[in-house]
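Chemist: Using only what follows, build the 3D model:
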Amino acid sequence: MFTEKDIKEIGAHGLTVGGVERQIENFRRGFPYLKVVSAASPADGIMVLSQQGMDEARSEYEKAVDSLDVVKFVPASGAATRMFKELFEFVNEGKRGKGIDVLLDHLSEFAFYPELMQYVSPDADDVTKVSAIIKDGLCYGSKPKGLVTFHAYPEGVRKAVEEHLVEGAMYASSNGRVKIHFTVSPEHIEGFRALLAEKQPLYEKRFGVKYDISFSVQKASTDTIAVNPDNTPFRTDDGHLLFRPAGHGALNENLNDIDADIIFIKNIDNVTTDARKGDTVAWKKTLAGVLVRLQREVARHLEALRAGKADIAAVARFAMKDLCVKLPQNYDAALLEALLDRPIRVCGMVRNEGEPGGGPFWVSNADGTQTLQIAESSQISPDDMHLMKDATHFNPVDLVCGVRRADGSKFDLTKYVDPATGFISSKSSGGRDLRAQELPGLWNGAMAHWNTVFVDVPVTTFSPVKVVQDLLRPQHR
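Modeler: The predicted structure is shown next:
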């Protein structure tokens, strides 16, 4: 199948021939659907905290935070192309939908308006104004969301990346140090560095903290080969194999490189203004407090199990009630130890109000257990699709992760992936159709074998910007 030239290309990409052949086999075989049992709900799998429970969890985290190594992990790769898709269609193809009318009718209300007016006059024609947003001018069509101006304040505007600095100071500061890690595309690193070099000292002075900012790029070794519709390797016009980034699931490698006790994960565009950050900060600390308590209890039960002194029934109750694992009837100490000795993630779940995103489900596993998973609709078989309608919540990507064992050593997160939960999609290159493959999603299959706890959080903690008009929502004003 592969020539000597191909094999050299594969090796230069950090891949092996065997690994690429397995990717091609995935195309041929397809990925199986998840064995979904039911949608998780407040009555079964989603924790709903009282005000007292929330206060106690938040206090638990605040007491522990200065003894913890905390990192805020922000996926910030890729250009904001989809955010400005309608604008490109208007400029390039003359298609004018309602979104363009909303944009232009409210143009002066966007935080980036003063910057835009440096490139065009207020009486410029509509195409010129829109073109100045995405092309020559602000160039937002080729910039990442993190470098787009989101919010306006009396003292000036903030880009999305700056809001993460502010958030980090409010809930991820340990001993006055705030560690934030951004995953970015190579072509955007310098833009991030330049902005942070200018802005970081201002936020350090304002919040009395020191930032430790780091970056990583999606590793080439996580790319996947593209294939033709007949599942043979796709070749470019000059005969080279085509490798494509394998989606956000590839970031599991980046996450695995982070050495920390607790890692907060939140998307770059899910930020709000200072006036509305109260719920976000309170609930981030609450989720972290839930994690801290779970880690302490896991350590206690594991120590007893390994010493042969555990009350097996008590450990089972903890696994079922607190770690949300439904056990088979024939469970034993070995199964309980294996279940407890896993990374833990505590995930905020928002009431379903029609926003897109995966949902919380119970799935069955080969070891006879049922555990909680975040599942996308593409992972659910047509026969089980009715369960999507039962979902009361959806995934806003609001995670707090514990990646150390009870003895302090670090989990190898690559060992907790379900490789059978990838995605296959139809794409094109050079006008030719191809099939692309994504690795198991970072908060889907890449965390399939973690212990997962879902907590009901208010919708006020969720302020995504999927299209530019979302910046007109109250959460961004």
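Chemist: What ranges in the stretch 251-400 of the chain fall below the confidence cut-off?
Modeler: Where the stretch 251-400 of the chain drops to pLDDT under 70, the residues are 354-357.
Chemist: now residue 224: how far from residue 436?
Modeler: According to Cβ to Cβ, to the nearest Å, residue 224 and residue 436 sit 7 Å apart. For the C-beta atoms, the positions are set from N, CA and C on the backbone; glycine is no exception.
Chemist: Give me the common contacts of the two.
Modeler: residue 244 (Cβ atoms under 8 Å, 6 or more residues apart in numbering).
Chemist: how distant is stretch 188-204 from the center of its chain?
Modeler: How far stretch 188-204 lies from its chain's middle: 22 Å, per Cα atoms, centre = their mean, to the nearest Å.
Chemist: where along the stretch 101-250 of the chain do the strands fall?
Modeler: Residue ranges of the strands in the stretch 101-250 of the chain, as given by DSSP state E, counting those that start in this stretch, are 149-153, 156-159, 173-174, 177-183, 210-216, 224-225, 243-244.
Chemist: Take the ones you listed and lay them out in TSV including distance to residue 327 and mean neighbour count.
Modeler: Formatted as TSV, these follow (distance: least, Cβ to Cβ, whole Å; neighbours: other Cβ atoms under 10 Å):
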stretch	distance to residue 327	mean neighbour count
strand 149-153	45	20
strand 156-159	48	18
strand 173-174	36	20
strand 177-183	36	22
strand 210-216	38	16
strand 224-225	36	26
strand 243-244	40	18
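Chemist: Include distance to residue 408 when you put those into CSV, please.
Modeler: Output for the strands of the stretch 101-250 of the chain, formatted as CSV (distance: least, Cβ to Cβ, whole Å):
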stretch, distance to residue 408
strand 149-153, 38
strand 156-159, 37
strand 173-174, 16
strand 177-183, 18
strand 210-216, 21
strand 224-225, 35
strand 243-244, 37
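Chemist: right, and those strands - which one's nearest residue 277?
Modeler: Of all the strands of the stretch 101-250 of the chain, strand 149-153 sits nearest to residue 277, with 10.8 Å by Cβ to Cβ.
Chemist: packing partners for the closest one?
Modeler: Where contact means 3 or more Cβ pairs under 8 Å, 6 or more residues apart in numbering; DSSP states H and E, strand 149-153 is packed against strand 156-159, helix 160-171.
Chemist: Which one, of the strands of the stretch 101-250 of the chain, ends up nearest to residue 364?
Modeler: Nearest to residue 364, of all these, is strand 224-225, at 27.7 Å by Cβ to Cβ.
Chemist: Need the contact partners of the closest one.
Modeler: When contacts are defined by Cβ under 8 Å, 6+ apart, strand 224-225 is touched by residues 20, 23-24, 233-234, 241-244, 246, 436-439.
Chemist: In contact with residue 192, which residues?
Modeler: By Cβ under 8 Å, 6+ apart, the contact set of residue 192 is 76, 144, 146, 147, 161, 182, 184, 215.
Chemist: If you could redo that for residue 344, that was the one I meant.
Modeler: 291, 294, 295, 298, 323, 401, 402, 450, 451, 452, 453.
Chemist: Dump those residues to JSON lines, plus secondary structure and distance to residue 368.
Modeler: Formatted as JSON lines, the contacts of residue 344 follow (DSSP: H, G, I helix; E, B strand; the rest coil; distance: Cβ to Cβ, whole Å):
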{"residue": "291", "secondary structure": "helix", "distance to residue 368": "26"}
{"residue": "294", "secondary structure": "helix", "distance to residue 368": "22"}
{"residue": "295", "secondary structure": "helix", "distance to residue 368": "25"}
{"residue": "298", "secondary structure": "helix", "distance to residue 368": "21"}
{"residue": "323", "secondary structure": "coil", "distance to residue 368": "16"}
{"residue": "401", "secondary structure": "strand", "distance to residue 368": "26"}
{"residue": "402", "secondary structure": "strand", "distance to residue 368": "25"}
{"residue": "450", "secondary structure": "coil", "distance to residue 368": "18"}
{"residue": "451", "secondary structure": "strand", "distance to residue 368": "16"}
{"residue": "452", "secondary structure": "strand", "distance to residue 368": "17"}
{"residue": "453", "secondary structure": "strand", "distance to residue 368": "20"}
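Chemist: Which of these are buried? Put it as a PyMOL command.
Modeler: A single PyMOL command selects the buried members of these (16 or more other Cβ atoms under 10 Å):
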select buried, resi 291+294+295+298+323+401+402+450+451+452+453
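Chemist: ok, so of the contacts of residue 344, who is nearest residue 466?
Modeler: residue 401 (24.3 Å).
Chemist: how far away is that closest one from residue 447?
Modeler: 8 Å.
Chemist: Residue 473 too?
Modeler: In this view, residue 473 and residue 447 are 29 Å apart by Cβ to Cβ.
Chemist: Between the two, which is the more surrounded one?
Modeler: Set residue 473 next to residue 447 and count neighbours by other Cβ atoms under 10 Å: residue 447 wins out with 29 against 12.
Chemist: need the contact list for that one.
Modeler: Applying Cβ under 8 Å, 6+ apart to residue 447 gives the contacts 343, 345, 374, 416, 417.
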